[in-house]
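> fold the stuff below for me.
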Amino acid sequence: VGTTPSPSFSKVTHREPMLSLANAFDDADVNDFLLRVGRFLSLDIAQGIEIVAEPKIDGVSASLRYEKGLFVVGATRGDGTVGEDITDNLRTIKDIPKTIKLKSFPTEIDIRGEVFIQNRDFQKINEKFANPRNAASGSLRQKDPHITSKIPLKFIAYTYGFEKGLKINNQTDYLKKLSDWGFKTNPFNKLITGVKNL
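Okay, the predicted model is just below:
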């Protein structure tokens, strides 16, 4: 799932487990996944299961806890149950709203997404890091948020963990809400039906 949280940071227990993605390497793997989904939901995949797809961003997963519209705690995935408290470092990222006052925003929610560095930004700092993912990870684990603020980190939201008061019908609705609330989402999100289209 992830790694054991570092003793250098305070710990945050995720209110819902923060699991990692499974891999599929070919059409057969994807078809097997859809068959399992169909069985779980009692759906016939021949009729077409809608899939929301987006490219995977290679960065560091983060969970942002909001209470009454305020960003209060940010954490790494850690081992999936307990992560590292990196709130102060996440506050330096401009893509992360600190306050959300819209009535459509849930009373409590853990917004989950990926912290990353774009390739063009990485070219400016690449003498310090092996690759963009290491740069994002190392920057989030700085003890001094002032140092983190100098790294051009970005955040894309794509899911949620715990929620209280979220009103959506599907992932497409949720992605639209994220945009309404001021979060960036992957511009290549698509609603697709069928393995071939995927």
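
> who does whichever strand in the chain runs longest pair up with?
Determined from DSSP state E, the single longest strand within the chain is strand 154-164. When pairing is defined by DSSP bridges, strand 154-164 lines up against strand 108-116 (antiparallel).

> tell me who's in contact with the residue lying closest to residue 100 once chain neighbours are set aside.
Spatial nearest neighbour of residue 100, excluding adjacent residues (CB to CB, 6 or more residues apart in numbering): residue 69 at 4.7 Å. In short, each C-beta sits where N, CA and C put it, glycine included. Going by CB atoms under 8 Å, 6 or more residues apart in numbering, residue 69 touches 99-102, 105.

> state the distance from residue 131 to residue 76.
18 Å (CB to CB, to the nearest Å).

> packing partners of the following helix or strand past the longest strand of the chain?
Note on strand 154-164: by DSSP states H and E, the next helix or strand toward the C-terminus is helix 171-180. Contact partners of helix 171-180 among helices and strands, from 3 or more CB pairs under 8 Å, 6 or more residues apart in numbering; DSSP states H and E: strand 50-53, strand 154-164.

> chain neighbours aside, what residue packs nearest to the most centrally placed residue in the chain?
Closest residue to the average C-alpha location of the chain: residue 113 at 1.4 Å, with CA atoms, centre = their mean. Excluding its sequence neighbours, the residue lying closest to residue 113 (CB to CB, 6+ apart) is residue 157, at 3.8 Å.

> which residues sit against the longest strand of the chain?
Strand 154-164 is contacted from outside by 14-18, 54, 57, 62-63, 65, 90, 93, 95-96, 106-118, 166, 174-175, 178, 183-186, using CB under 8 Å, 6+ apart.

> tilt between it and helix 171-180?
Angle of strand 154-164 versus helix 171-180, following axes from the mean of the first three to the mean of the last three CA atoms, to 10 degrees, is 120 degrees.

> which one of residue 131 and residue 76 has more residues nearby?
The residue with more neighbours, out of residue 131 and residue 76, is residue 76; 28 against 13, by other CB atoms under 10 Å.

> against residue 56, how distant is that one?
Separation of residue 76 from residue 56 (CB to CB): 18 Å.

> swap in residue 188?
11 Å.

> residue 67 too?
Applying CB to CB, the value for residue 67 to residue 56 is 29 Å.

> between those two, who's got more neighbours?
A count of neighbours by other CB under 10 Å puts residue 67 above the other of residue 67 and residue 56, at 13 against 10.

> mind pulling the model confidence for the more buried one?
pLDDT recorded at residue 67 is 97.

> same deal with residue 9?
The score at residue 9 is 78. That number is its pLDDT.

> equivalent analysis for the one 10 residues further on, please.
In the predicted model, residue 19 carries a pLDDT score of 90.

> for the longest helix along the chain, give me every contacting residue.
Ranked by residue count, the top helix of the chain under DSSP state H comes out as helix 27-41. When contacts are defined by CB under 8 Å, 6+ apart, helix 27-41 is touched by residues 22-24, 43-45, 49, 51, 195-196, 198.
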